[in-house]
Every structure is written in structure tokens, then in C-alpha cells.
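Trainee: with the input below, show me the fold.
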Amino acid sequence: MPVYNRERYVVSALRSLVQQRDAADLDIIVIDDGSTDGSAEAMRSIMDESACIRLFHQSNMGVAKARNAGLRQLPPDCDFVSFLDSDDISLAGRFKTDLAHFTADPGLELTYSLMTLADRIDDETLEPASDSHTMTLRGISLSAAVFRRELIERTGRFDEEFEQAEDTDYLLRVFETGPSYLLLDTIAIYYRRHAGNVTKEHSGRLRNHLRAIHKAMRRRKADPSLREVQGIFELKSPANWQMM
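Mentor: Here you go, the predicted structure:
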């Protein structure tokens with residue numbers, strides 16, 4: 001979990017992970033990317049009762065470098081990797097559902113689930129509020145995936161040239177290698193839409209998203225053995241949101 005100035009949301013995000021400790025031996029790696037608000041203090045408040053959370057601090061270097069810092073902290077006995085952004089919610093039971101598929105198929109390398117966008121989340125229940133606008137889709141989100149460790153190692157690190165859309169670039173690289181994967185119809189996360197991420201999405205994210213696609217095209221041109229990524233992601237306008 002990379003964190004930068006998410007004092008308002010990060011405790012809820014961490015609670016949504018901690019409540020799933022019965023489903024997996026969780027090692028929650030948090031990288032504080034130079035936050036200047038009360039994020040660190042907020043995180044320490046939940047760490048006092050949750051020994052599975054490990055917090056690391058670095059100067060502000062951007063989300064791609066923060067994600068790579070987290071990957072460098074993976075313990076040797078780690079079998080699976082997932083991600084969660086510090087303002088989102090991991091659904092209760094999500095890991096139990098996903099890990100059962102890996103148990104059933106030892107050759108499976110990746111599960112990729114749905115996500116629900118929500119503009120209001122109740123931080124007590126960790127569910128969309130009754131008056132929230134929601135939309136469920138198979139979007140571009142690292143948090144929708146559970147990766148077998150070997151697939152992470154094969155894909156490599158995040159491209160630190162990306163200030164945004166590093167997740168788009170990474171997922172394209174993952175699927176290009178032709179992993180054994182399942183597209184699940186269960187919801188993995190509630191993606192919290194708020195002023196901070198909406199602003200970023202409408203400015204530099206589209207440009208970086210297109211840049212990631214262009215880099216993927218160049219990779220496939222240079223190496224025809226790479227797979228074309230089709231039918232994995234679904235994009236919709238927020239104007240199509242429906243009330244829950």
C-alpha cells in the first residue's frame with residue numbers, strides 16, 4: 001500500500017485488510033511516500049493492535065517508486081501478492097475467495113476480479129453509503145488482482161518513469177506474458193471516488209494511460225511472442241453510474 005497524504009482514508013483501507021487475517025497469513029507492507037499530513041500518526045494508531053502491518057517511510061518519490069519499495073520488502077516465504085490503494089476498501093472475504101482458486105489449480109498465476117466505484121463509503125461498515133452512486137466494472141486496478149509471487153518476479157518492477165498510470169503499464173506487461181489467469185465475477189474492492197483522485201484522473205492520467213498503451217504496442221512490435229491484451233478491461237463514463 002503506497003500512502004501519500006491520506007490521513008482521511010488510510011485507516012479504513014487498513015481495517016479492510018486486517019479484518020481478513022483469518023483467510024490468509026497477511027503481511028501488510030505500507031510505504032509512506034513522504035506524507036506531510038497526519039497519515040503516519042493515523043497508521044500507527046491501528047498498528048498498535050495489528051502486528052501484521054509493517055510501515056516504511058521514504059521521501060516523496062512518487063507512486064511507482066513507492067510500489068517498488070514495497071516489493072523490495074516482500075518476505076522470502078511470500079507466495080501471493082496483491083495491492084490496495086490507501087483510499088480504497090478491500091471487500092470482506094475477498095482473499096478467501098481468490099485463494100481458493102489457487103488451491104484448486106496449482107498452475108494458476110493470477111485472479112482478476114471486478115471493482116465497484118463509489119462516491120460515498122461508510123467508514124464504519126466499510127460499505128458504500130445508502131446514498132452513494134456506484135458502478136461495477138472490470139476496470140484497470142492492481143487491487144483487483146492477486147498475483148502468484150513467481151508472476152511478480154517474472155514481470156519485474158514498476159516503470160518509475162510513470163508519474164501516473166504505472167498500474168496500466170504494469171498490468172499490460174503482466175497480461176502480455178500470457179499468464180494462466182481467471183477473470184472472476186466477484187468484487188474485489190470499493191474504489192473510492194473523491195476530489196483528489198478525480199482531479200488526477202482528468203489531468204495527467206489519460207496522457208500517461210495512452211503512453212502506457214503506446215509502450216505496449218512498441219514492445220509487441222519488437223517481440224511478436226508477446227500477447228495482445230484484449231477483453232480484459234472495461235471502461236465506462238461516470239455519467240453511466242447507477243444508484244445502488
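Trainee: where in the chain is the helix or strand with the lowest mean pLDDT?
Mentor: Least confident helix or strand, the chain: strand 242-243 with a mean of 42, by mean pLDDT, DSSP states H and E.
Trainee: low-confidence stretches in the protein?
Mentor: 197-203, 235-244 (pLDDT under 70).
Trainee: where along it do the strands fall?
Mentor: 2-3, 28-33, 53-58, 80-81, 89-90, 110-118, 121-122, 127-128, 133-137, 145-148, 181-192, 242-243 (DSSP state E).
Trainee: so which of these gets nearest residue 211?
Mentor: strand 2-3 (20.0 Å; C-beta to C-beta). Every residue, glycine included, has its C-beta placed from N, CA and C.
Trainee: from residue 112, how far off is the closest residue to residue 233 other than its chain neighbours?
Mentor: Leaving out its chain neighbours, the residue that sits closest to residue 233 by C-beta to C-beta, 6 or more residues apart in numbering is residue 140, at 5.2 Å. Applying C-beta to C-beta, to the nearest Å, the value for residue 140 to residue 112 is 10 Å.
Trainee: against residue 85, how distant is the most centrally placed residue in the chain?
Mentor: In the chain, the residue lying closest to the centroid (C-alpha atoms, centre = their mean) is residue 143, at 2.6 Å. Between residue 143 and residue 85 the distance is 6 Å, computed by C-beta to C-beta.
Trainee: and for residue 24?
Mentor: From residue 24 to residue 85 the distance is 19 Å (C-beta to C-beta).
Trainee: higher neighbour count, these two?
Mentor: When residue 24 and residue 85 are compared for neighbours, residue 85 comes out ahead with 22 against 18, by other C-beta atoms under 10 Å.
Trainee: the more buried one reaches residue 10, doesn't it?
Mentor: No - Residue 85 is beyond contact range of residue 10, at 9.7 Å (criterion: C-beta atoms under 8 Å).
Trainee: mutual contacts of the two, please.
Mentor: residue 1 (C-beta atoms under 8 Å, 6 or more residues apart in numbering).
Trainee: show me where this protein has helices.
Mentor: Here the chain has its helices, by DSSP state H, at 10-18, 39-47, 63-72, 94-104, 149-155, 166-176, 195-200, 206-222.
Trainee: how about JSON lines for these, with distance to residue 187 and mean neighbour count added?
Mentor: Putting the helices of the chain into JSON lines (distance: least, C-beta to C-beta, whole Å; neighbours: other C-beta atoms under 10 Å) gives the following:
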{"stretch": "helix 10-18", "distance to residue 187": "12", "mean neighbour count": "22"}
{"stretch": "helix 39-47", "distance to residue 187": "24", "mean neighbour count": "17"}
{"stretch": "helix 63-72", "distance to residue 187": "23", "mean neighbour count": "19"}
{"stretch": "helix 94-104", "distance to residue 187": "8", "mean neighbour count": "16"}
{"stretch": "helix 149-155", "distance to residue 187": "22", "mean neighbour count": "15"}
{"stretch": "helix 166-176", "distance to residue 187": "18", "mean neighbour count": "22"}
{"stretch": "helix 195-200", "distance to residue 187": "19", "mean neighbour count": "12"}
{"stretch": "helix 206-222", "distance to residue 187": "23", "mean neighbour count": "14"}
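Trainee: can those helices go into TSV with extra columns for distance to residue 1?
Mentor: TSV is the format used below for the helices of the chain (distance: least, C-beta to C-beta, whole Å):
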stretch	distance to residue 1
helix 10-18	7
helix 39-47	9
helix 63-72	7
helix 94-104	14
helix 149-155	16
helix 166-176	13
helix 195-200	15
helix 206-222	21
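Trainee: among those, which comes closest to residue 122?
Mentor: Across these, closest to residue 122 is helix 10-18 (C-beta to C-beta), at 9.2 Å.
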